[in-house]
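Colleague: sharing a model prediction with you, sequence too.
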Amino acid sequence: MPLVTTKDMFEKSMKEHFAIGAFNVNNMEIVQAIVKAAADENSPIILQASSSAIKYAGIEYLKKMIESALDEYDIPLALHLDHGPDFETCKMCIDNGFSSVMIDGSKYDFEENIALTRKVVEYAHSKGVVVEAELGKLAGIEDDVNVSASDAMYTDPDQAKEFVDRTSCDSLAIAIGTSHGAYKFKGEAKLRFDILKEIKARIPNTPIVLHGASTVIPELVEMCNEFGGNIPGAKGVPDEILNEASKSGVSKINVDTDLRLAMTAGIRKVFVEEPSAFDPRKYLTPARELIKETVKHKMIDVFGSTNKI
């Protein structure tokens, strides 16, 4: 099955009130785990790569790995650029066969964000590629994205409508309280569902995206720390809150930190329990399995995307 855009899967998600997981990929084992989980659960998926992941793995390697996965499994799969920093990066991904790109102009003022997004949209649409944009600023650190808590701000519902009208973007990432990285909340986890409701009322036909939405699964954090890690106090968005978001109009939920934790926990466990192990297959196989189970949990218990093909 060839790559697809997110258009049809988002239309179905908005109609049936579920979300689609967008999982960040960096290497072969992560790709294999996610795609196998999606095939097992009969779920559409989005595989996404940041500019840092592309620099690490190489755009041709990433593309060929995903093409190989599509040869093996017949599932709707979109290949997406996560947090495209500029027009040139978006163009490179479009020209190399990505079916979806994100242009992150959230660091600019409103008018500059519109101008940049519009430029990417015009080029992408001419090539049959869809565009995700961002309005509002999430706090936290992920790859090349670094926003302090003092600079973070919620998405304004009125601006959201104007932004979509003027840019013709295909989906919109909003800020309602999530943040990047493994340390999302100091106190009680809370999302501004009132803002989400207002935004959906103004742009009912535009798919909404949540970034910084990993659960930071406590069991994985504990496993990392048990086997030599040092990530105390890590805290994400609880599953039940993300499940509510999935039913409340969010079509795409990004997952990166949870996959990193799963891979790290799986590897650390082998290194501690079998310190003589040095065959990469010995420690990458359980890490891959832990990622697969993490993704399946998201699809079944959080996003509701199981059997939505």
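Modeller: Yep, that arrived.

Colleague: which residues in the chain form strands?
Modeller: Along the chain, the stretches classed as strands by DSSP state E are 20-24, 45-50, 77-84, 100-103, 130-135, 139-142, 145-147, 171-174, 179-180, 208-210, 250-255.

Colleague: remind me what the second one packs against, helices and strands.
Modeller: Spelled out, it's strand 45-50. Under the contact definition 3 or more Cβ pairs under 8 Å, 6 or more residues apart in numbering; DSSP states H and E, strand 45-50 sits against strand 20-24, helix 28-41, strand 77-84. All C-beta spots, glycine's among them, are computed from the backbone N, C-alpha and C.

Colleague: figure out which of those is closest to E240.
Modeller: Closest to E240 of the helices and strands packed on strand 45-50, according to Cβ to Cβ: strand 20-24, at 16.4 Å.

Colleague: can I get the CA coordinates of the closest one in PDB?
Modeller: Only the C-alpha atoms of strand 20-24 are listed here, as PDB (Å, rounded to 0.1, in the frame of the first residue of the first chain):
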ATOM      1  CA  ILE A  20      -4.600   9.000  15.400                       C
ATOM      2  CA  GLY A  21      -1.200   8.500  17.000                       C
ATOM      3  CA  ALA A  22       1.700  10.300  15.400                       C
ATOM      4  CA  PHE A  23       4.800   8.400  16.400                       C
ATOM      5  CA  ASN A  24       8.300   9.800  16.100                       C
END
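
Colleague: ok, residues contacting it?
Modeller: Around strand 20-24, the neighbours that count as contacts under Cβ atoms under 8 Å, 6 or more residues apart in numbering are 6, 9-10, 13, 30, 34, 43-50, 53, 80, 82, 209, 251-256, 259, 295, 298-299, 303, 305.

Colleague: how far does that strand sit from its chain's centre?
Modeller: Its chain's C-alpha centre and that of strand 20-24 lie 4 Å apart, by Cα atoms, centre = their mean, to the nearest Å.

Colleague: please apply the same query to stretch 201-220.
Modeller: Distance, stretch centre to chain centre, for stretch 201-220: 8 Å (Cα atoms, centre = their mean).

Colleague: repeat for stretch 65-81
Modeller: With Cα atoms, centre = their mean, you get 16 Å for stretch 65-81.

Colleague: mind listing what's buried in that stretch?
Modeller: 65-66, 69-70, 75-81 (16 or more other Cβ atoms under 10 Å).

Colleague: take these and lay them out in JSON lines including distance to G21 and pLDDT.
Modeller: Shown next, in JSON lines, are those (distance: Cβ to Cβ, whole Å; pLDDT from 0 to 100):
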{"residue": "M65", "distance to G21": "18", "pLDDT": "96"}
{"residue": "I66", "distance to G21": "15", "pLDDT": "95"}
{"residue": "A69", "distance to G21": "15", "pLDDT": "95"}
{"residue": "L70", "distance to G21": "17", "pLDDT": "94"}
{"residue": "I75", "distance to G21": "12", "pLDDT": "97"}
{"residue": "P76", "distance to G21": "12", "pLDDT": "97"}
{"residue": "L77", "distance to G21": "11", "pLDDT": "98"}
{"residue": "A78", "distance to G21": "11", "pLDDT": "98"}
{"residue": "L79", "distance to G21": "14", "pLDDT": "98"}
{"residue": "H80", "distance to G21": "12", "pLDDT": "98"}
{"residue": "L81", "distance to G21": "17", "pLDDT": "98"}
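
Colleague: circling back: of the strands of the chain, which is nearest I291?
Modeller: Closest approach to I291 among these (Cβ to Cβ): strand 20-24, 8.9 Å.

Colleague: ok, A133 - contacts?
Modeller: Counted by Cβ under 8 Å, 6+ apart, A133 has contacts 102-105, 113, 117, 121, 163, 167, 169, 171-173.

Colleague: go again using 6 Å as the cut-off
Modeller: With contact set as Cβ atoms under 6 Å, 6 or more residues apart in numbering, A133 has these partners: 103, 117, 169, 172.

Colleague: possible to save the helices and strands packed on strand 45-50 as CSV with distance to E226?
Modeller: CSV is the format used below for the helices and strands packed on strand 45-50 (distance: least, Cβ to Cβ, whole Å):
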stretch, distance to E226
strand 20-24, 25
helix 28-41, 22
strand 77-84, 30
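
Colleague: mind giving me the PyMOL select for the contacts of A133, buried ones only?
Modeller: Selecting only the buried entries of the contacts of A133 in PyMOL, with 16+ other Cβ under 10 Å as the criterion:
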select buried, resi 103+117+169+172
